[in-house]
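Participant: structure for this input, please:
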Amino acid sequence: MSRVLFFIAAVFAAAVLLCPAWAKESNAPWEHGEGQWMESFAVSGYADDGQKKWDLRGATAQILDEVVELQEVVATSYGRISVTLTSEEGTLDQNQEDIQVRRNVVVTTSDGAQIFTELLNWQSAGEIASTPERVRMVREQVEIEGTGAKALPQEKYVELHKDVEVRAEPSTVITCMGAMEVRYGEENAVFNDNVHVQDDRGTMSSDILRVWFDPETKKVTKLSAEGNVKISRANTVTYCEKARYDTQDGRMILRGSPRVVLRDTQTDGLAIE
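Facilitator: Modelled structure (predicted):
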C-alpha cells in the first residue's frame with residue numbers, strides 16, 4: 001500500500017513541475033511577431049549557476065497573437081529526478097502563462113514511472129495541473145487508473161476524481177467510485193465512496209478508507225475503514241461501522257455494533273481487539 005500512495009504523489013507532482021518552468025521562462029525566445037512559424041525548434045532554461053533546468057523541443061511552433069501552437073512536443077525538466085513530457089500537440093497562452101498539452105500525453109520520470117493521458121492543463125495563476133480525461137500511472141509492480149485528476153504541487157496534494165483502480169503485485173486490488181486524495185505533505189491518503197480492497201488474505205469494503213504512512217520508511221502505519229465495513233477472511237466475516245488497524249502492534253479495533261461471523265458462530269460486541 002505505501003508504494004502505491006507514494007508513487008501516485010511523487011509521479012504526478014514531478015510531472016507538473018515541467019509546466020511552471022516551461023510557461024514562466026520560455027516567453028522571450030518566442031517573441032518574433034504574430035503568425036510566424038518555427039521548425040525544428042529547441043529552447044532551454046538555465047539556473048544561475050549555469051546548469052540546465054529544462055528544455056523544450058518540437059517539430060513546429062506557430063506564434064500567434066496571444067498563443068503559441070506547438071506540434072510534437074518534447075519537454076524535459078532536470079533535477080534529482082528528471083521528468084520528460086511528450087505529446088502530439090500543445091498550446092501556450094503567452095498572457096496567462098497557461099499550458100495545455102494534448103493527444104498521447106506521456107510523462108516519464110528517470111526513476112521508472114510513467115503517466116498516460118490525452119490532455120493535461122497547467123493553470124499558472126493557481127499553480128494547478130489538471131485533466132478531465134482518464135489517467136493511467138505505471139511504475140514497477142504498481143498500476144493506477146482514474147478518471148480526471150488534479151495536482152497542487154505547492155500544497156503537496158494530488159487527487160484522482162473518480163472510478164479509481166489500483167493494482168499492485170502480487171495480488172492487491174483497490175477500487176473506489178469516488179475520489180482518491182493523497183496529501184503527501186501530511187503523509188496520508190483517502191479513498192472515497194464504495195471502496196473495495198482485495199488481496200491474498202481476503203477482501204474488505206467500506207464507504208471510506210484512510211491510510212497513514214511513515215515519512216521516513218514510507219511504510220503504512222495505520223488504516224481506518226469507515227462506514228458499512230465488511231471484512232472477509234477465509235471462513236470469517238466481520239461487520240462494523242469503523243475498523244482501525246495499527247501496523248506497529250498488529251491490533252485491529254472494531255467499533256459501531258461490530259459483528260463477527262465464524263462459520264456457524266456469531267460474536268457481538270462494542271469493540272474487538
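
Participant: all contacts plus neighbour counts: C-alpha atoms, from now on.
Facilitator: Fine.

Participant: quick check: which ranges of the stretch 101-250 of the chain have low pLDDT?
Facilitator: For the stretch 101-250 of the chain, the stretches with pLDDT under 70 are 218.

Participant: Thr131 is in contact with Ala149, correct?
Facilitator: Yes. With contact defined as Cα atoms under 8 Å, Ala149 counts as touching Thr131 (5.3 Å).

Participant: need the overlap of contacts for the two.
Facilitator: Between them, Ala149 and Thr131 share no contacting residue under Cα atoms under 8 Å, 6 or more residues apart in numbering.

Participant: in stretch 86-103, what counts as buried?
Facilitator: Within stretch 86-103, the residues that count as buried by 16 or more other Cα atoms under 10 Å are 86-94, 97-103.

Participant: ugh, typo on my part, it should be stretch 70-88
Facilitator: Within stretch 70-88, judged by 16+ other Cα under 10 Å, the buried ones are 70-77, 82-88.

Participant: got the end-to-end distance for that stretch?
Facilitator: 8 Å (Cα to Cα, to the nearest Å).

Participant: pLDDT averaged over the host helix or strand of Met38 - what is it?
Facilitator: Met38 is located in strand 36-46, with elements delineated by DSSP states H and E. For strand 36-46, mean pLDDT is 76.

Participant: in the stretch 151-273 of the chain, which spans are strands?
Facilitator: Ranges of strands within the stretch 151-273 of the chain are 157-168, 172-176, 180-183, 188-199, 202-213, 220-233, 236-246, 251-255, 259-262, 265-268, based on DSSP state E, counting those that start in this stretch.

Participant: who wins for proximity to Ile115 among these?
Facilitator: Relative to Ile115, the nearest member of those by Cα to Cα is strand 157-168, separated by 12.7 Å.

Participant: quick one, the closest one and strand 172-176 angle?
Facilitator: Angle, strand 157-168 to strand 172-176, by axes from the mean of the first three to the mean of the last three Cα atoms, to 10 degrees: 140 degrees.

Participant: now do strand 157-168: everything it contacts.
Facilitator: With contacts defined as Cα under 8 Å, 6+ apart, strand 157-168 is touched by 1, 4, 8-9, 12-13, 141-152, 172-185.

Participant: mind doing that once more with 6 Å?
Facilitator: By Cα atoms under 6 Å, 6 or more residues apart in numbering, the residues outside strand 157-168 that reach it are 141-151, 173-183.

Participant: list only buried entries from these.
Facilitator: 142-151, 173-183.

Participant: and the contacts of stretch 179-191?
Facilitator: Counting by Cα under 6 Å, 6+ apart, 156-162, 192, 208-213 sit against stretch 179-191.

Participant: residues near Asp249, how many?
Facilitator: 8 (other Cα atoms under 10 Å).

Participant: now it: how far from Val83?
Facilitator: Asp249 is 39 Å from Val83, where distance means Cα to Cα.

Participant: with Gly202 instead?
Facilitator: Counting by Cα to Cα, the gap from Gly202 to Val83 is 37 Å.

Participant: try Met204
Facilitator: For Met204, the distance to Val83 - Cα to Cα - is 36 Å.

Participant: cool, Arg136 as well?
Facilitator: 16 Å.

Participant: kindly report the same for Tyr157.
Facilitator: Tyr157 is 19 Å from Val83, by Cα to Cα.

Participant: how about Val197?
Facilitator: Counting by Cα to Cα, the gap from Val197 to Val83 is 31 Å.

Participant: likewise Asp111?
Facilitator: Distance from Asp111 to Val83, counting by Cα to Cα: 9 Å.

Participant: kindly report the same for Asn192.
Facilitator: Relative to Val83, Asn192 is positioned 30 Å away (Cα to Cα).

Participant: do the same with Glu66
Facilitator: Using Cα to Cα, Glu66 is found at 27 Å from Val83.
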